[in-house]
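K.L.:
Got a sequence here, can you model it:
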Amino acid sequence: MRQLLYALGPLVLDSLGVIVFAVLMALKVDVLVATAAGTLVACAVVGGEIARRRPVQALQWLSLALMLVSAAATFATHDPRFVMAKPTVIYAVVGVAMLKRGWMNRYVPPDELAVVEDLMTAFGYVWAGLMFLTGAANLAVAFAFTALWPTFLAIFPLASKLGLFGFQFLFVRAVGRNRSRRLAVGTDQARSIRAA
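P.N.:
Residues are numbered from 1 along each chain as shown. Okay, the predicted model is just below:
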């Protein structure tokens, strides 16, 4: 449970502004209200980190910047097509940011990172792929199935992220335990040999 909370906390915090926006859109709240709420939450997250004198992570800055830019464009244009395409731009930018090697390392306790660092790197690229896939799917649904777009936005992005998060958590945990056991057995055998 400790590992789950350690990983889930920063993940939710990094994208809280976008999550608030998506939830409000799914609840059919006015686009301008949803955009303003998401922007305020993203500002509060970054402001909270600064107030606590903690470093603001790259994804938190990115989330804030995207919310500010998209909020300005939404308020200026009132164009629903921009609003529908905006998640694609956000997912593409986040996907590019997720291509940075090792970005997921902060989601694992430091004492466990040495055992699963290669898996976290691989899953970092899987997450980037999911962002690109979600962005492409969003664009396709927005323009080919416009009436279904609010339902898509309410379900697919969150469900796919929760699914990948759950799979990754269980997989990394199982492989990490297996590796830790093998390391412990190897260490015990080495001690036995030295003692003999």
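
K.L.:
Give me the mean pLDDT for the helix or strand harbouring residue 177.
P.N.:
For residue 177, the element it lies in under DSSP states H and E is helix 149-195. The average pLDDT within helix 149-195 is 83.

K.L.:
packing partners for it?
P.N.:
Packing partners of helix 149-195 (3 or more CB pairs under 8 Å, 6 or more residues apart in numbering; DSSP states H and E): helix 2-14, helix 16-26, helix 80-97, helix 110-144. (Each C-beta comes from the backbone N, C-alpha and C, glycine too.)

K.L.:
how big is the angle separating it from helix 16-26?
P.N.:
Helix 149-195 and helix 16-26 are oriented at 140 degrees to each other (axes from the mean of the first three to the mean of the last three CA atoms, to 10 degrees).

K.L.:
Verify the stated contact: residue 45 with residue 18.
P.N.:
No. The criterion here is CB atoms under 8 Å, and residue 45 misses it with residue 18 at 10.7 Å.

K.L.:
Return every residue with contacts to both of those two.
P.N.:
residue 63 (CB atoms under 8 Å, 6 or more residues apart in numbering).

K.L.:
Can you pull the poorly scored residue ranges out of the chain?
P.N.:
Applying pLDDT under 70 to the chain picks out residues 1-12, 14, 22, 26, 59, 79-83, 186-196.

K.L.:
Tell me, how many residues neighbour residue 37?
P.N.:
Counted with other CB atoms under 10 Å, residues neighbouring residue 37 total 18.

K.L.:
What helix or strand is it located in?
P.N.:
helix 31-51.

K.L.:
can you state the direction angle for that helix and helix 16-26?
P.N.:
160 degrees.

K.L.:
how about the next helix or strand along the chain from helix 31-51: buried residues?
P.N.:
Next along the chain after helix 31-51, taking DSSP H and E as the criterion, comes helix 58-77. The neighbour-count check on helix 58-77 (16 or more other CB atoms under 10 Å) flags 59-60, 62-64, 66-67, 70-71, 73-74 as buried.

K.L.:
again with stretch 123-134
P.N.:
123-124, 127-128, 130-132, 134.

K.L.:
Can you add distance to residue 166 and give the helices and strands packed on helix 149-195 back as a markdown table?
P.N.:
Output for the helices and strands packed on helix 149-195, formatted as a markdown table (distance: least, CB to CB, whole Å):
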| stretch | distance to residue 166 |
| --- | --- |
| helix 2-14 | 10 |
| helix 16-26 | 17 |
| helix 80-97 | 20 |
| helix 110-144 | 12 |
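
K.L.:
Since that was my last question, I'll sign off now.
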